[in-house]
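>>> predicted model and sequence below, questions to follow.
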Amino acid sequence: MTRVVAIILHAVPGAGAGPLESVFAMARARNAARQARGFAAAGAISRVVETHPGGTPFGARLRRLAALDAGAGIIVLGSGSVPLATATDRRAFVTAARGTGHALTNNRYSGDIVAIPAKVALGGLSEVPELPELPELPELPELPGRPGRPELTGDNGLPRWLADRGVEVRDLLSRWRLQVDLDSPIDAFFAGLAEPNDPALLRVRDAHMRVTTRTTDPRAELLVAGRTSSDSLHWVEAHTASRTRALIEERGMKTAGPSQRPTRSSLGLLLDRDGPAAFGDLMATLGDAAVVDTRVLMAHRFGRDEASWPVPEDRFASDLLLHERIVDPWLRTLTAAAHAATVPILLGGHTLVGPGLRLVLGARRR
């Protein structure tokens, strides 16, 4: 029987990481340990591999790790991936990795976890000739690359990379719990994986309570803005009494190619015109409560490359409405306006406005 190796990549914060980033890394590490135990129970060999800022790119790292277990099927995921996965979900990925046919992912358009059968060659993942990272691993012969191929820098684009090379890729997009990802402390909070007594969560708890209260009022309107989906909105409309206003934009932003147009947000254009201090008033004009994907707003203002955005500590403080901790003046002003708004506002990323809406508004976590 074909061996299966589950590779769980855990990003370790840099030396200058702030307290929110460090605490969030601990939450992801706990999720990585849970996933490792779960995949071991499903019949796979589990490895948690630490990665560091500025280290080996994703494609080169995956090629190297896959070569360590030549002939094995592999499952690759990040330490914040699929925290709500069940034993049944994990068995599905192990079965796919053990097979000889298709690859399997949670989302073919932006994968957080991918199972790849042993027969699939990964030699073209990267053109990086040397791999200075992972010194604990034995030296391996260089695998052939494909000249002219762009570097695969993250796991989100892996399903598309495989499909472009003729590999059949199937997904479990209908399983909403597998679309939940831990990209921020607010995701850990709603997934039930944050420290319950953390004082940094007080403002989010209050805003959450006020948002859910508004959604029980048929006279109220909930605004959802960002990379949400029709499935998520259908669930919201079926499980809340309030009306729903949706502003869907920049889906696929993280996997967009360099030739695609720059990120542009309708809400971002309003903030360009009125300034970030107007954010709260804009939300109150559009709804009685709001859940907003601020990563779209950051990509609109600073560019798609996350390296140009406010640092993770600032982003996490914004998600928790802790504006006084934020260094970047634009994000600090926007967050302060959200906290002071006359309507409750939750800020976050793709998970919050997508599958996380079920968690925000009361779905069972399991």
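All right, it came through fine. Residues are numbered from 1 along each chain as shown.

>>> may I have the phi/psi pair for residue 246?
Per-residue torsions, residue 246: phi -120, psi 140 (degrees, to the nearest 10).

>>> dig out what it forms beta bridges with.
residue 224 (DSSP bridges).

>>> which is the next helix or strand following the least confident helix or strand in the chain by mean pLDDT?
Ranked by mean pLDDT, DSSP states H and E, the weakest helix or strand in the chain is helix 58-68, scoring a mean of 87. Next helix or strand after helix 58-68 toward the C-terminus (DSSP states H and E): strand 73-78.

>>> give the rounded mean pLDDT of that following strand.
Averaging pLDDT along strand 73-78 yields 96.

>>> what does stretch 250-265 give?
Averaged over stretch 250-265, pLDDT sits at 80.

>>> what's that stretch in contact with?
Outside of stretch 250-265, the residues within contact range by CB atoms under 8 Å, 6 or more residues apart in numbering are 109-110, 150, 154, 156-157, 160, 226-227, 229, 249, 295-297, 299-300, 303-304, 350. C-betas here are computed from N, CA, C, even on glycine.

>>> now, of the residues you listed, which are buried?
Among the contacts of stretch 250-265, those buried by neighbour count (16 or more other CB atoms under 10 Å) are 110, 154, 156-157, 160, 226-227, 229, 249, 295-297, 299-300, 304, 350.

>>> ok, which pair from those is furthest apart?
160 and 297 (25.1 Å; CB to CB).

>>> contacts only, for the nearest residue to residue 185 once chain neighbours are set aside.
Excluding its sequence neighbours, the residue lying closest to residue 185 (CB to CB, 6 or more residues apart in numbering) is residue 24, at 4.8 Å. The contact partners of residue 24, taken as CB under 8 Å, 6+ apart, are 182, 184-185, 188, 316.

>>> try residue 179
With CB under 8 Å, 6+ apart, residue 179 has these contacts: 106-107, 112, 173, 351, 354-355.

>>> what segments of the stretch 51-200 of the chain are helices?
58-68, 87-98, 158-164, 185-190 (DSSP state H, counting those that start in this stretch).

>>> so which elements touch the third one?
Put plainly, it is helix 158-164. Packing contacts for helix 158-164, counted by 3 or more CB pairs under 8 Å, 6 or more residues apart in numbering; DSSP states H and E, involve strand 103-105, strand 113-116, strand 169-171.

>>> quick one: closest of those to residue 325.
strand 113-116 (31.8 Å).

>>> walk me through the domains of the chain.
Domain ranges of the chain: 4-179, 202-360, per automatic domain parsing.

>>> quick one: contacts for residue 169?
Neighbour list for residue 169: 102-105, 108, 159, 162-163 [criterion: CB under 8 Å, 6+ apart].

>>> cool, residue 349 as well?
By CB under 8 Å, 6+ apart, residue 349 lies in contact with 183-184, 187, 226, 293-295, 319.

>>> quick one on the thing from earlier: mind saving the C-alpha coords of the least confident helix or strand of the chain as CSV?
C-alpha atoms of helix 58-68 as CSV (Å, rounded to 0.1, in the frame of the first residue of the first chain):
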residue,chain,number,x,y,z
PHE,A,58,7.0,27.4,-1.1
GLY,A,59,7.6,25.6,-4.4
ALA,A,60,11.2,24.8,-3.7
ARG,A,61,10.4,23.7,-0.2
LEU,A,62,7.6,21.3,-1.3
ARG,A,63,9.8,19.8,-4.0
ARG,A,64,12.5,19.1,-1.4
LEU,A,65,10.2,17.7,1.2
ALA,A,66,8.4,15.5,-1.4
ALA,A,67,11.8,14.1,-2.6
LEU,A,68,12.5,12.9,1.0
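
>>> and the residue nearest to residue 41 when sequence neighbours are not counted, how many residues sit next to it?
Sequence neighbours aside, residue 87 is the residue nearest to residue 41 in space, at 6.9 Å (criterion: CB to CB, 6+ apart). Residues contacting residue 87 under the criterion other CB atoms under 10 Å number 11.

>>> show me what stretch 107-116 is in contact with.
Stretch 107-116 is contacted from outside by 66, 73-78, 81-82, 85, 93-94, 96-97, 103-106, 122, 155-160, 162-163, 169-171, 173, 178-179, 181, 251-252, 254-255, using CB under 8 Å, 6+ apart.

>>> so residue 50 lies in a strand, does it not?
Yes: remark: residue 50 belongs to a strand, assigned using DSSP: H, G, I helix; E, B strand; the rest coil.

>>> beta partners for it?
Going by DSSP bridges, residue 50 forms beta bridges with residue 10.

>>> how about whichever strand or helix holds residue 26, which residues are buried there?
Element membership of residue 26, judged by DSSP H and E, is helix 19-41. Neighbour counts over helix 19-41 (16+ other CB under 10 Å) mark 20-21, 23-25, 27-29, 31-32, 35-36, 38-39 as buried.

>>> for it, output the C-alpha coordinates as PDB.
Extracted in PDB, the C-alpha atoms of helix 19-41 (Å, rounded to 0.1, in the frame of the first residue of the first chain):
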ATOM      1  CA  PRO A  19       2.500  39.900  21.000                       C
ATOM      2  CA  LEU A  20      -0.600  39.400  18.900                       C
ATOM      3  CA  GLU A  21       1.500  37.700  16.100                       C
ATOM      4  CA  SER A  22       3.200  35.500  18.700                       C
ATOM      5  CA  VAL A  23       0.000  34.400  20.400                       C
ATOM      6  CA  PHE A  24      -1.600  33.700  17.100                       C
ATOM      7  CA  ALA A  25       1.400  31.600  16.000                       C
ATOM      8  CA  MET A  26       0.800  29.500  19.100                       C
ATOM      9  CA  ALA A  27      -2.900  29.000  18.100                       C
ATOM     10  CA  ARG A  28      -1.700  27.800  14.700                       C
ATOM     11  CA  ALA A  29       0.900  25.500  16.300                       C
ATOM     12  CA  ARG A  30      -1.800  23.900  18.300                       C
ATOM     13  CA  ASN A  31      -3.900  23.400  15.200                       C
ATOM     14  CA  ALA A  32      -0.800  21.900  13.500                       C
ATOM     15  CA  ALA A  33      -0.400  19.400  16.300                       C
ATOM     16  CA  ARG A  34      -4.100  18.400  16.200                       C
ATOM     17  CA  GLN A  35      -3.800  17.900  12.400                       C
ATOM     18  CA  ALA A  36      -0.700  15.800  12.800                       C
ATOM     19  CA  ARG A  37      -2.500  13.500  15.300                       C
ATOM     20  CA  GLY A  38      -5.600  13.400  13.100                       C
ATOM     21  CA  PHE A  39      -3.700  12.500   9.900                       C
ATOM     22  CA  ALA A  40      -1.600   9.900  11.800                       C
ATOM     23  CA  ALA A  41      -4.900   8.300  13.000                       C
END
